[in-house]
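Engineer: Here is my input; please provide its structure:
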Amino acid sequence: MTSPVISTPKNESVFSILSRRRVINIGYVPMTDCAPLIVAKELGFFESAGLDVNLSREAGWATVRERMIHRELDGAHAHASMIYEMGFGMGVNRVPCLTGFILSHNGSAISFSNELWNLGARDARSLKRVIDAHKGTRKFRFAVVMKFSTQNYLLRKWLRIGGIDPDNDVELVIVPPPQVFSCLMGGHIDGYCAGEPWSSIGLIEGVCWCAGLSDEVERMHPEKILLVHHRFAESRHEEHVAMISALIQASEYCDKQVNRYELAGILSQRKYFNVSREALLNALQGPFQRGMGEQSSALDAIIFRRNNASLPTEAKARWVLGEINRNKLMPESLELSSEEIQNYFRMDLYEEAEAMLQAS
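Structural biologist: Purely as a prediction, here's the structure:
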C-alpha cells in the first residue's frame, strides 16, 4: 500500500517513533468487532504510523485477561467491562488499565436451538411459557461468553422482558465465542448470546434461529475497546497515540459498506478467523439471515465509526458500569466520580490522536 503524504509535524512524530521502534503486542479474539486491528495491520495503517504491531490470536477472553495480567500483552481487543474487572480486581489480580478508543458498537445476537422453536418459542414471552411447561423436568441452559460482558447483560435483559428470571428459571454458563456453535450442535446448550461471526455461523447452517440482534435489545451499545496497560500508556505514550490514530483510519474503512465484501475476505483468512466469507457478510453486509426463513436489515448490526462510535466518552463508561451494578455482578455496587471514570476512559488520548490525523 502506498504511504499517505504527511506533513512535517506528522513526519517528526513518525521518525521519532521509528528511532526507537519496538514491537507492540496486541491480543485479539476472532470476532468481527476486532476488524479495525486487523485492517490497520493488513492495509498498512500501523506501518504508516511507524509502528510494529504484532497481533496475537487468543482462544477466548479468559486467555486475553490472563495474558494481560501477566504482562505478556501490551494491550488487547477486549470487552469494555474488562477495564473495570481488571482495574478493580473483580475476581482477578488488579491490573491498572485504560482505553483511548472504542473499537465497536453492537455486533451480537441472541440465538436459540431449533428444538425451542419447535416447542413454541418465538420471543421472550413465548420462551417463558416453554420454560414454565418444563419446570421440574428440565432446566434450559444458555451460554454467554464472559461474566463481565455485554452478551451477559443483554441476554439477561432480554429474558427479563419475558418475565424470565435469569438466575433461577434458566442456567447461564460461560463458553468462549468460537465454541458456542459446536456446543449448541452437541446439545450442551440450548441457546446463546455471542458476537459475530459465531451467531451467523449457526444461523447459516440452519441449526438455530435469532430471537434478537443486540442493537434491538439496547440501541447503540458500546461493545469492544482497545484495552492497554496504564504503564504502557505512560511509558510509550507517543506510540499509543499513533496506534489510536491508525485505528481511527481503519475504523473508517471498516464502516463503509463499499468495503464490507473486501473486509470479510480479509477477516476470513486462515491466520485470522478461518471461517467463510458468507458467515462474516451476514452481519457486515446483510440482509441478516435470522433463521426459519426470516431476515432483517444488517445496517446497524455492527458499527465501527458512525455516530461517534470510536469516542471513549463518560456516557459509554457509565453505561458499562451501570450494567455491572444493575446485574449485581459484584457484592457491592461500584460508584465512580467523573474524574475517576476519566482515568479509565481517556477522551484526552483520543482527541490527541484525532489532532495528529488532522495535522497530516
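Engineer: so where is the stretch 1-150 of the chain shaky, pLDDT-wise?
Structural biologist: For the stretch 1-150 of the chain, applying pLDDT under 70 flags the ranges 1-21.
Engineer: Break down it into its strands, ranges please.
Structural biologist: According to DSSP state E, counting those that start in this stretch, the stretch 1-150 of the chain carries its strands in the segments 23-28, 52-57, 75-79, 97-102, 105-106, 108-113, 141-144.
Engineer: Tell me the helices and strands packed up against the fifth one.
Structural biologist: Right, the one you point to is strand 105-106. Here strand 105-106 touches helix 214-217, strand 302-303, going by 3 or more Cβ pairs under 8 Å, 6 or more residues apart in numbering; DSSP states H and E. Where you see a C-beta, it was placed from the backbone N, CA and C, and this is true even at glycine.
Engineer: buried set for stretch 123-130?
Structural biologist: For stretch 123-130, a neighbour-count test (16 or more other Cβ atoms under 10 Å) marks Ala124, Ser126, Leu127, Lys128, Val130 as buried.
Engineer: Could you single out the nearest of those residues to Ser104?
Structural biologist: Nearest to Ser104 among those is Ala124, at 25.1 Å by Cβ to Cβ.
Engineer: so what's the closest one up against?
Structural biologist: Trp158, Leu159, Arg160, Ile161, Gly162, Gly163, Ile164, Ala211 (Cβ atoms under 8 Å, 6 or more residues apart in numbering).
Engineer: Which pair in those residues has the greatest spatial separation?
Structural biologist: Greatest spatial distance in the contacts of Ala124: Gly163 and Ala211, 15.0 Å, computed using Cβ to Cβ.
Engineer: These two: which has the busier surroundings?
Structural biologist: Ala211 (26 against 14; other Cβ atoms under 10 Å).
Engineer: Show the contacting residues for the closest residue to the more buried one other than its chain neighbours.
Structural biologist: Closest residue in space to Ala211, ignoring its immediate chain neighbours: Ile110 at 4.8 Å, by Cβ to Cβ, 6 or more residues apart in numbering. If you count contacts by Cβ under 8 Å, 6+ apart, Ile110 has them with Leu154, Leu155, Trp158, Gly191, Tyr192, Cys193, Cys210, Ala211, Gly212, Leu213, Ser214, Val217.
Engineer: now with 6 Å?
Structural biologist: Contacts for Ile110 (Cβ atoms under 6 Å, 6 or more residues apart in numbering) come out as Leu155, Trp158, Cys193, Ala211, Gly212.
Engineer: Can you classify the fourth one by secondary structure?
Structural biologist: The one in question is Ala211. Classification of Ala211 by DSSP: H, G, I helix; E, B strand; the rest coil places it in strand.
Engineer: then the helix or strand Val228 falls within to CSV, C-alphas only?
Structural biologist: Per DSSP states H and E, Val228 falls inside strand 224-229. Included here for strand 224-229 are C-alpha records, laid out as CSV according to Å, rounded to 0.1, in the frame of the first residue of the first chain:
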residue,chain,number,x,y,z
LYS,A,224,-15.3,-3.7,22.5
ILE,A,225,-12.4,-1.4,23.3
LEU,A,226,-8.7,-1.2,22.8
LEU,A,227,-7.5,-2.0,26.3
VAL,A,228,-3.9,-1.2,27.3
HIS,A,229,-1.9,-1.3,30.5
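Engineer: what are the phi and psi angles of Glu278?
Structural biologist: Main-chain dihedrals, Glu278, degrees, to the nearest 10: phi -60, psi -40.
Engineer: ok so, going back, quick one: which of the contacts of Ile110 has the most company?
Structural biologist: Ranking the contacts of Ile110 using other Cβ under 10 Å puts Cys193 first, with 29 neighbours.
Engineer: how about the contacts of Ala124 in JSON lines, adding pLDDT, distance to Arg277 and secondary structure?
Structural biologist: Formatted as JSON lines, the contacts of Ala124 follow (pLDDT from 0 to 100; distance: Cβ to Cβ, whole Å; DSSP: H, G, I helix; E, B strand; the rest coil):
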{"residue": "Trp158", "pLDDT": "98", "distance to Arg277": "29", "secondary structure": "helix"}
{"residue": "Leu159", "pLDDT": "98", "distance to Arg277": "33", "secondary structure": "helix"}
{"residue": "Arg160", "pLDDT": "98", "distance to Arg277": "36", "secondary structure": "helix"}
{"residue": "Ile161", "pLDDT": "97", "distance to Arg277": "34", "secondary structure": "helix"}
{"residue": "Gly162", "pLDDT": "98", "distance to Arg277": "35", "secondary structure": "coil"}
{"residue": "Gly163", "pLDDT": "98", "distance to Arg277": "40", "secondary structure": "coil"}
{"residue": "Ile164", "pLDDT": "98", "distance to Arg277": "36", "secondary structure": "coil"}
{"residue": "Ala211", "pLDDT": "98", "distance to Arg277": "25", "secondary structure": "strand"}
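Engineer: and of those residues, the nearest to Val180?
Structural biologist: Ala211 (14.5 Å).
Engineer: what sits up against stretch 173-187?
Structural biologist: With contacts defined as Cβ under 6 Å, 6+ apart, stretch 173-187 is touched by Gly60, Ala143, Val145, Ile189, Tyr192, Ala194, Gly195, Trp198, Ile201, Gly202.
Engineer: Can you tell me what sits against the longest helix along the chain?
Structural biologist: Determined from DSSP state H, the single longest helix within the chain is helix 237-255. Identification of contacts with helix 237-255 by Cβ under 6 Å, 6+ apart yields 17, 35-36, 39-40, 45-46, 49, 51, 100-101, 233, 259, 263, 304-306, 310, 352-353, 356-357.
Engineer: Since that was my last question, I'll sign off now.
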